[in-house]
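1. Curious how this folds, go ahead:
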Amino acid sequence: MLDRFIIFLNKAIGKLRTSRAKPSEILVLLPHCIQNKDCDLDLTSGVQICRRCGRCKIREVSLLQEEYGFRSAVVGGGQQAVQATKDKGVKCVVAIACEKELAAGILSVLRKPVHTIRNSQPFGPCVNTDMDADSLREMLQKIVKR
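-> Next up is the predicted model:
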């Protein structure tokens, strides 16, 4: 309940605070659980090594990254996510995760605007999670400064 309130409040503040950034200043954070559990690649080293097989949404994210030019990171947990946002070149964060992780991340990165997309968990928490790639595209269209 508290997690939902934090996310709701963050979205309301985000609407008041117009955050626009150059593509290179935007960091898209992805949870490691969005990667297909049978994939043998270590995508925490970068989505650019994705083979784009289509078994998970990393393919769509890597295609959007190619189109828009944002940064991305696949992280194994909250501490890795917070560490990735500390880069001085990151002005805006788009976080894709479950409610619990989104709420914790918002509170950990208060100085930078954080836009959130909640992932779905069709196979339960932390395994083969899913996300709406169209929501990411729409968000990028709003925040990318061209």
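2. drop to CA atoms for contacts and neighbour counts, all remaining ones
-> Fine.
3. Only the buried residues of stretch 5-17, if you could.
-> 6-7, 10-11 (16 or more other Cα atoms under 10 Å).
4. from the chain's centre, how far out does that stretch sit?
-> 16 Å (Cα atoms, centre = their mean, to the nearest Å).
5. If you average the pLDDT over that stretch, what comes out?
-> On average, the pLDDT along stretch 5-17 is 79.
6. for stretch 81-95, same thing?
-> 91.
7. Now do the helix or strand bottoming out on mean pLDDT in the chain: which elements does it pack against?
-> The helix or strand of the chain with the lowest confidence, counting by mean pLDDT, DSSP states H and E, is helix 2-16 at a mean of 81. For helix 2-16, the elements it packs on are helix 99-108, strand 114-118, judged by 3 or more Cα pairs under 8 Å, 6 or more residues apart in numbering; DSSP states H and E.
8. ok, and which of those has the densest surroundings?
-> Ranked by mean neighbour count, these are led by strand 114-118 with a mean of 23 (mean count of other Cα atoms under 10 Å).
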